[in-house]
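Q: Sequence and predicted model, in that order:
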Amino acid sequence: MNILLIGIQGCGKGTQAKLLEERFGWKHITTGNLLRENFENKTELGIIAKKFMDAGELVPDKYVFQIVEDALAKVDEGSILDGFPRNMEQLRFLEKNFTIDKVILLDLSDEKAIERVSSRRNCIDCKKDYNLLYHKPKVEGICDVCGGKIVQRDDDYEDAIKKRIEKFYKETSEVITYFNEEGKLIRVNADDPIDTIQANIIKALDV
Ligand code: ADP
Ligand code: ZN
């Protein structure tokens, strides 16, 4: 099964995708993380992409297509797409040789989204997600799992967050409309506890 998790920044796509990956073994493909990994490994693509990311802009499609193509080539059992496709060009690229079975829209208000994104943090080493509002590390600034330093993403400042949310309504909402018309869209309330959302996704997927 190939599914797409879609929704505004901070809706919890990454958290839900990881849980689904653990449970069903589908591969979690997230363009944001792949781009950040590229930057950490100092690839040419990563260095170019970082400038767009830090400004809250979308990375040009030709770079995103390269990483998505590589990631999709490794899919066998199934996959969970997270962060791709974000616009109609990306959707057309994907649908050339890939079929998405179901799309989960994680529904969250703008206010909640901004609040969540501005308080999210990650471990610099193991990348574990934290949120200062919901699940803080036990010791301030230090990862519970590996002792690494906890930092904020360079693009999680207010202007960049607002820009990304604007892009979501301008470009990604067309992708949502498309899947709704295809009869593949399932709406799940994203303003619930993590476990409840996960249970609702699994119920909706009927797996
Ligand atoms: P968020 O959901 O908060 O926007 P992501 O980690 O999904 O965070 O994405 C971070 C940044 O990576 C985006 O602002 C954008 O610059 C880039 N990016 C991720 N996915 C795509 C994509 N499909 N197309 C273009 N740029 C992307
Ligand atoms: Zn860690």
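A: Ah, there it is. Ligands and ions are numbered 1, 2, ... in the order given.
Q: where does this structure have low pLDDT?
A: Counting by pLDDT under 70, the chain contains no low-confidence range.
Q: Can you report how many residues neighbour the residue in it that ligand 1 sits nearest to?
A: Shortest the chain-to-ligand 1 distance, computed as Cβ to the nearest ligand atom: residue-wise this is residue 32, at 2.0 Å. C-beta here means a position set from N, CA and C on the backbone, and glycine is covered the same way. The tally of other residues near residue 32 (other Cβ atoms under 10 Å) stands at 18.
Q: which non-adjacent residue is nearest it?
A: Leaving aside its chain neighbours, residue 32 sits nearest to residue 83 (4.8 Å; criterion: Cβ to Cβ, 6 or more residues apart in numbering).
Q: The one you found is in contact with residue 17, isn't it?
A: No: using Cβ atoms under 8 Å, residue 83 makes no contact with residue 17, being 9.4 Å away.
Q: Quickly list what's touching both of those two.
A: The contact sets of residue 83 and residue 17 overlap at residue 30 (Cβ atoms under 8 Å, 6 or more residues apart in numbering).
Q: Run the chain-centre distance for stretch 62-77.
A: 15 Å (Cα atoms, centre = their mean, to the nearest Å).
Q: which residues make contact with that stretch from outside it?
A: 2, 24-27, 29, 31, 34-35, 38, 45, 48-49, 58, 79, 84, 90, 93-94, 98.
Q: Mind doing that once more with 10 Å?
A: For stretch 62-77, the external contacting residues (Cβ atoms under 10 Å, 6 or more residues apart in numbering) are 1-2, 24-31, 34-35, 37-38, 43-46, 48-49, 52, 58-59, 61, 79, 81, 83-87, 89-90, 93-94, 97-98.
Q: before we move on, what about stretch 87-96?
A: Against stretch 87-96 from outside (Cβ under 10 Å, 6+ apart): 2, 4, 31, 58, 61-62, 64-65, 68-69, 72, 81, 83-85, 100, 167, 170-175, 177-179.
Q: Pull out the buried members of those.
A: 2, 4, 31, 58, 64, 68, 72, 81, 83-85, 100, 167, 171-172, 175, 178-179 (16 or more other Cβ atoms under 10 Å).
Q: Can you tell me which of those end up in helices?
A: 31, 64, 68, 72, 167, 175, 178, 179 (DSSP state H).
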